[in-house]
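S.K.: next input, structure requested:
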Amino acid sequence: MTDTIVLTIDNLGEAAELEQGRWPAGAPRGQHPSVTQVLPRLLDLLDAIALRATFFVEAVNTRDYPAALLEIAARGHELGFHAWRHERWANLSDDDEQDVIDRSFAAYAQLGLDVRAFRPPGGGLNRHTTRRLRAAGVSWCSAKGERAGVDDAGMAHLPFRWDLVDATYLHRPFAGLRAERGLPARPLAPQQAVVRLTDELGAEPDPTAATLVLHPFLMAGDAAWSAYEGLLRELAGRAAAGAVRVLPGGLAAAGLLGRHAAPLPVVGSSIGSLDVQN
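M.R.: Okay, the predicted model is just below:
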């Protein structure tokens, strides 16, 4: 169990749908409800309850939603790198990986955004990922894993578990993840998902931090929003009472780097054939 929760928000706009071929041909871009409807509501709520988060956003959003990215940063949240267009990271070749890193960080820089965090879509890393990202200025990474630490490239790791990802319970294509947990193939109701997430936060085995992963595209609709709002307000209340720290990953990573934690091996990882949107 841990007294620290790293609050992270994943995905923005239509990037993942474009990458996965699910965006309708000819449909206009730049009007995705996760940005136009959910994001303003989410930012206002986080302001109201005094929580800050890390938003992992695909770099293509520097073109489609530059104002949204600037607003996230202006509100005091941390921005993280989430590939260019949600490419499944572990499937990238060496050359493609470096190209995505170079294009993405050039695009962030054009907006004046300082991006020092990374989460790989799909959760997996490649052999040279962390060293390449360190060269790009990234100081911490949140891939799929079990234990926080610092690797031999000087990268802090705050891994996520699928049990603390809202999409595990709510995203229709994640039936396989639900089956692994003895759950029905169909998505859970939003409030049921929140109960599962809350239980998993209380059972987190890593003493350093529990990394919570939420997705704006799953927050649309009154029932979903009500459940997410309740979860975030509960976390804020616990934080205000001193029962837990809820913070963006950069702050937790700074603590790890400051303590010079024991190195972790730099290895690739895989989660099989699931087509994740995380």
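S.K.: give me the residues contacting stretch 236-246.
M.R.: 3-5, 7, 49-51, 235 (CB atoms under 8 Å, 6 or more residues apart in numbering). The way it works is simple: take the backbone N, C-alpha and C, and place the C-beta from them, glycine included.
S.K.: and that stretch, what's buried?
M.R.: 236, 238-239, 244, 246 (16 or more other CB atoms under 10 Å).
S.K.: check the offset of it from the chain's centre.
M.R.: Relative to its parent chain, stretch 236-246 has a centroid offset of 21 Å by CA atoms, centre = their mean, to the nearest Å.
S.K.: what about it, how long is it end to end?
M.R.: Taking CA to CA, to the nearest Å, the span from the opening residue of stretch 236-246 to its closing residue is 7 Å.
S.K.: mean confidence for that stretch?
M.R.: Average pLDDT, stretch 236-246: 96.
S.K.: filter the contacts of stretch 236-246 to the buried ones?
M.R.: Here, 16+ other CB under 10 Å leaves 4-5, 7, 49, 51, 235 buried among these.
S.K.: how is Ile5 assigned, secondary-structure-wise?
M.R.: Under the three-state scheme (DSSP: H, G, I helix; E, B strand; the rest coil), Ile5 adopts strand.
S.K.: using JSON lines, lay out the buried ones among the contacts of stretch 236-246 together with distance to Gly122.
M.R.: As requested, the buried ones among the contacts of stretch 236-246 are exported to JSON lines (distance: CB to CB, whole Å):
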{"residue": "Thr4", "distance to Gly122": "25"}
{"residue": "Ile5", "distance to Gly122": "23"}
{"residue": "Leu7", "distance to Gly122": "21"}
{"residue": "Ile49", "distance to Gly122": "31"}
{"residue": "Leu51", "distance to Gly122": "27"}
{"residue": "Leu235", "distance to Gly122": "26"}
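S.K.: farthest-separated two in these?
M.R.: Thr4 and Ile49 (17.4 Å; CB to CB).
S.K.: just the CA coordinates of whichever strand or helix holds Leu45, formatted as PDB?
M.R.: Using DSSP states H and E, Leu45 falls within helix 39-48. What follows is helix 39-48 as a C-alpha-only set of coordinates in PDB (Å, rounded to 0.1, in the frame of the first residue of the first chain):
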ATOM      1  CA  LEU A  39     -11.500  18.800 -21.300                       C
ATOM      2  CA  PRO A  40     -12.900  22.200 -20.200                       C
ATOM      3  CA  ARG A  41     -15.100  20.500 -17.600                       C
ATOM      4  CA  LEU A  42     -12.200  18.400 -16.300                       C
ATOM      5  CA  LEU A  43      -9.900  21.400 -16.100                       C
ATOM      6  CA  ASP A  44     -12.500  23.400 -14.200                       C
ATOM      7  CA  LEU A  45     -13.000  20.500 -11.800                       C
ATOM      8  CA  LEU A  46      -9.300  20.000 -11.100                       C
ATOM      9  CA  ASP A  47      -9.000  23.700 -10.400                       C
ATOM     10  CA  ALA A  48     -12.000  23.600  -8.000                       C
END
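S.K.: mind listing what the following helix or strand past it pairs with, with the direction of each?
M.R.: On the C-terminal side of helix 39-48, the closest following helix or strand by DSSP H and E is strand 54-57. Strand pairing for strand 54-57, using DSSP bridges, gives strand 4-10 (parallel), strand 78-81 (parallel).
S.K.: can you name the residues in contact with the next helix or strand after the longest one?
M.R.: Looking back up the chat, that one is strand 4-10. The helix or strand immediately downstream of strand 4-10 is helix 15-19, counting by DSSP H and E. Contact with helix 15-19 is made by 22-23, 29, 58, 60-61, 64, 85-87, 121, 277, as judged by CB under 8 Å, 6+ apart.
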